[in-house]
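K.L.:
Here is my input, please return the structure:
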Amino acid sequence: MAALSSQFADLVEIKKQLTVIIALCRERGLMHSVKWASELAFALDPLPMNELPPPPPFTEEDAQDLDAYSLAKSFFDLKEYDRAAYFLRGCRSQKAYFLYMYSRYLSGEKKKDDETVDSLGPLEKGQVKNESLRELRVELSKKHKARELDGFGLYLYGVVLRKLDLLKEAIDVFVEATHCLPLHWGAWLELCNLVENKEMLKSMSFPDTWMKDFFLAHIYTEMQMIEEALQKYQSLINVGFSKSTYIISQIAVAYHNIRDIDKALSMFNELREQDPYRIENMDTFSNLLYVRTMKPELSYLAHNLCDIDKYRVETCCVIGNYYSLRSQHEKAALYFQRALKLNPRCLGAWTLMGHEYMEMKNTSAAIQAYRHAIEVNKRDYRAWYGLGQTYEILKMPFYCLYYYRRAHQLRPNDSRMLVALGECYEKLNQLVEATKCYWRAYSVGDVERMALVKLAKLHEQLNESDQAAQCYVIYIKEIFECGELMEQVELSTAFRYLGQYYFKNKQYDDASICAQRCCNYNDAREEGKSLLRQISQVRGQGETSSSDLSLPFIFGPLSAKKHSSAENVASQPLLCNAVEPDDKKFPLNHLSFHNCVKLCCS
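P.N.:
Next comes the predicted model:
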């Protein structure tokens with residue numbers, strides 16, 4: 001179990017700290033941080049009255065600015081940001097100054113979004129800029145150099161730097177903000193979006209606080225380090241946060257990221273029971289229902305969210321998924337566009353809209369949508385993978401190879417990325433690299449059961465008959481073990497090739513069984529009958545097979561237990577310029593069909 005901060009031993013103190021930060025964030029209009037801290041506080045036992053923390057300290061400057069602050073805060077809450085900023089001019093307290101600068105920032109963001117929606121199409125976002133950012137940077141920079149910014153001021157300065165694409169400076173400021181005010185979740189969350197890899201994460205210095213464990217769990221989920229994230233969240237549940245809906249939602253998202261659909265659905269259903277009016281994360285829930293083609297459940301979810309709030313981004317995405325499942329792609333795209341009007345930085349909506357444009361064969365619009373998704377979050381493997389698929393349709397293999405590599409870097413153990421890479425290398429006639437990709441895809445767990453077949457066909461092209469036969473044998477073995485006999489075309493291909501292979505190697509009994517199985521498939525029946533006649537002629541001439549196999553083995557009961565023939569799977573991500581070879585050779589150097597069937601039935 002992942003080690004946690006020793007501060008978790010005193011949950012009463014943590015509850016007090018959460019109560020304090022909730023009040024501080026509410027005073028400054030940071031409502032997302034208020035919500036996050038409130039969800040955690042609700043999961044802990046209530047404090048008795050005599051243990052409630054005292055209100056935040058009230059300075060002489062606060063007293064002088066009180067009237068202006070109270071008036072401006074009322075305007076701020078009504079989203080009249082310019083009006084709020086006007087009445088906060090000249091205020092000297094830290095609280096009033098933050099609200100003044102934050103009002104100016106939000107005013108610029110609101111104007112940018114309004115102009116984007118009014119004047120540009122849904123795929124042209126990013127052209128309009130927040131005109132107030134440069135002025136805010138100059139003013140905040142002076143305060144920062146004079147060391148006059150508190151933790152909230154540093155957070156706002158970091159946000160401005162990030163918006164201006166000054167990412168290195170933004171990271172330094174956000175780290176400074178976490179040291180100055182460790183309890184503010186907003187600063188930690190901004191860092192999550194800026195840390196690009198594990199090495200970068202390890203090089204950063206964070207304060208020794210219990211908030212660091214929540215941050216690490218969150219960033220592990222974002223960086224697809226799901227095992228570590230789940231360990232962290234389980235540890236947090238064990239120390240006393242078992243009722244936290246935030247943690248339940250994060251665990252559900254983690255299971256979604258590793259495509260453990262059953263567990264993810266279970267966690268989302270539990271979340272809905274505890275918080276039935278929750279809208280946050282429901283778009284991810286709808287993705288799972290879409291993948292499982294659970295149309296009634298997705299329809300119920302869409303109607304339920306419409307009743308709660310039809311103008312939330314997540315609601316629009318859920319409705320879009322519902323129409324997509326019904327193959328009404330124009331309507332689906334319309335709802336994803338509506339989601340983007342509500343929040344132009346909605347990652348899921350950009351990616352899903354790209355998928356819909358792909359369904360409508362509008363590749364140029366799909367490319368734009370995927371590129372916007374990457375602008376929002378460069379760690380979104382779905383957008384990189386979508387771009388690869390789009391350029392593959394456009395028959396631009398060098399482009400799609402680049403995007404598939406980026407997707408693979410983000411998901412090194414996802415067989416779909418490796419199979420896609422292998423297909424690209426195959427089209428570019430880089431067959432050795434393609435072979436490495438297909439074998440690695442099988443080694444990490446081939447979810448689509450295509451890697452071995454593609455690898456076998458590649459060995460056929462390279463005239464490596466022994467390796468091709470081994471691939472087909474392992475493929476048949478795994479299909480028989482799990483009882484999935486749906487891949488009729490690929491199974492017939494495998495039996496057809498193995499029949500000829502064993503015949504050429506004078507293993508007539510194995511060849512006979514393969515030929516008999518070919519007779520079960522329409523596309524291979526004639527070849528199977530022809531091969532049986534050839535075997536009969538050879539046997540009539542007195543030649544004998546090197547092995548014997550009785551038919552009940554092949555038609556016997558199938559084992560439901562799945563075995564993995566690939567051990568010690570390489571865990572390192574592959575480089576962008578090439579795919580690393582897997583040093584492990586085929587585990588079954590001389591595996592015959594005879595032994596394969598025995599393994600299937602054992």
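
K.L.:
for the chain, what's the longest helix?
P.N.:
Longest helix of the chain, by residue count under DSSP state H: helix 94-119.

K.L.:
which is the next helix or strand following the helix or strand hosting residue 457?
P.N.:
Here residue 457, judged by DSSP states H and E, is contained in helix 451-461. Sequence order places helix 465-482 as the next helix or strand after helix 451-461, per DSSP H and E.

K.L.:
for the stretch 351-500 of the chain, which spans come out with low pLDDT?
P.N.:
Scanning the stretch 351-500 of the chain with the threshold set as pLDDT under 70 gives 483-489.

K.L.:
Could you do the chain as well?
P.N.:
For the chain, the ranges with pLDDT under 70 are 1-3, 116-128, 483-489, 542-602.

K.L.:
coming back round to it: buried sites along the helix holding residue 457?
P.N.:
The neighbour-count check on helix 451-461 (16 or more other C-beta atoms under 10 Å) flags 451-460 as buried. All C-beta spots, glycine's among them, are computed from the backbone N, C-alpha and C.

K.L.:
Tabulate those (TSV), appending distance to residue 402.
P.N.:
Below are the buried residues of helix 451-461 laid out as TSV (distance: C-beta to C-beta, whole Å):
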residue	distance to residue 402
451	21
452	26
453	26
454	21
455	23
456	27
457	25
458	22
459	27
460	28
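
K.L.:
Closest one of these to residue 141?
P.N.:
residue 451 (52.8 Å; C-beta to C-beta).

K.L.:
Which helix or which strand is home to residue 400?
P.N.:
Using DSSP H and E, residue 400 sits within helix 397-410.

K.L.:
what angle do the helix or strand following that helix and helix 451-461 make?
P.N.:
Using DSSP H and E, the helix or strand that follows helix 397-410 towards the C-terminus is helix 415-427. Relative orientation of helix 415-427 versus helix 451-461 (axes from the mean of the first three to the mean of the last three C-alpha atoms, to 10 degrees): 20 degrees.

K.L.:
follow-up on the earlier one: so which elements touch the longest helix of the chain?
P.N.:
helix 60-77, helix 81-87, helix 133-145, helix 151-163 (3 or more C-beta pairs under 8 Å, 6 or more residues apart in numbering; DSSP states H and E).

K.L.:
Can you say which of the ones you listed is packed in most?
P.N.:
Using mean count of other C-beta atoms under 10 Å, the stretch among these with the largest mean neighbour count is helix 151-163, at a mean of 24.

K.L.:
what's the angle from that helix to helix 94-119?
P.N.:
Using the same axes, to 10 degrees: helix 151-163 against helix 94-119 is 30 degrees.

K.L.:
Run through the neighbouring helices and strands of helix 151-163.
P.N.:
helix 94-119, helix 133-145, helix 167-180, helix 185-194.

K.L.:
which parts of the longest helix of the chain are buried?
P.N.:
For helix 94-119, burial by neighbour count (16+ other C-beta under 10 Å) applies to 94-109, 111-113, 116.

K.L.:
so residue 285 touches residue 301, yeah?
P.N.:
Yes: Residue 285 is within contact range of residue 301, at 6.8 Å (criterion: C-beta atoms under 8 Å).

K.L.:
These two: which has the busier surroundings?
P.N.:
Neighbour comparison, residue 285 and residue 301: the larger count goes to residue 285, with 28 against 23 (by other C-beta atoms under 10 Å).

K.L.:
any idea how far the more buried one lies from residue 192?
P.N.:
21 Å (C-beta to C-beta, to the nearest Å).

K.L.:
so residue 279 is in which element?
P.N.:
Using DSSP H and E, no helix or strand contains residue 279.

K.L.:
Tally up the residues packed near it, please.
P.N.:
16.

K.L.:
contacting residues for it?
P.N.:
305, 308-309, 312, 314-315 (C-beta atoms under 8 Å, 6 or more residues apart in numbering).

K.L.:
Likewise for residue 157?
P.N.:
137, 140-141, 143-144, 149, 173.

K.L.:
Find the residue at the geometric middle of the chain.
P.N.:
residue 257 (4.5 Å; C-alpha atoms, centre = their mean).

K.L.:
thought that residue was touching residue 225?
P.N.:
No: using C-beta under 8 Å, residue 257 is not in contact with residue 225, being 9.9 Å away.

K.L.:
What sits closest to residue 418 if chain neighbours are left out?
P.N.:
Leaving aside its sequence neighbours, residue 418 sits nearest to residue 441 (C-beta to C-beta, 6 or more residues apart in numbering; 3.7 Å).

K.L.:
Tell me if I'm right that that neighbour and residue 419 touch.
P.N.:
Yes: using C-beta under 8 Å, residue 441 is in contact with residue 419, at 5.0 Å.

K.L.:
Mind listing the shared neighbours of those two?
P.N.:
By C-beta under 8 Å, 6+ apart, the residues touching both residue 441 and residue 419 are residue 451.

K.L.:
quick one: which of the two has more around it?
P.N.:
residue 441 (27 against 24).

K.L.:
quick one, what contacts that one?
P.N.:
Contacts of residue 441 by C-beta under 8 Å, 6+ apart are 415, 418-419, 422, 451.

K.L.:
please redo it, this time with the cut-off set to 10 Å
P.N.:
Listed by C-beta atoms under 10 Å, 6 or more residues apart in numbering, the contact set of residue 441 reads 413-422, 447-448, 450-452, 454-455.

K.L.:
now the helix or strand hosting it and helix 415-427, what's the angle there?
P.N.:
Secondary structure from DSSP H and E places residue 441 in helix 431-445. Going by the same axes, to 10 degrees, helix 431-445 is angled at 170 degrees with respect to helix 415-427.

K.L.:
Can you give me the buried ones in helix 431-445?
P.N.:
Those would be 433-444, for helix 431-445 by 16+ other C-beta under 10 Å.

K.L.:
which one of these sits closest to residue 204?
P.N.:
After measuring these against residue 204 - C-beta to C-beta - the closest member comes out as residue 444, at 29.2 Å.

K.L.:
Surely residue 479 touches residue 494?
P.N.:
Yes: contact criterion C-beta atoms under 10 Å: residue 479 and residue 494 qualify, at 8.6 Å.

K.L.:
what about these two, which has more around it?
P.N.:
residue 494 (28 against 20).

K.L.:
ok, that one to residue 85 distance?
P.N.:
70 Å.

K.L.:
Repeat that for residue 77.
P.N.:
According to C-beta to C-beta, residue 77 and residue 85 sit 14 Å apart.
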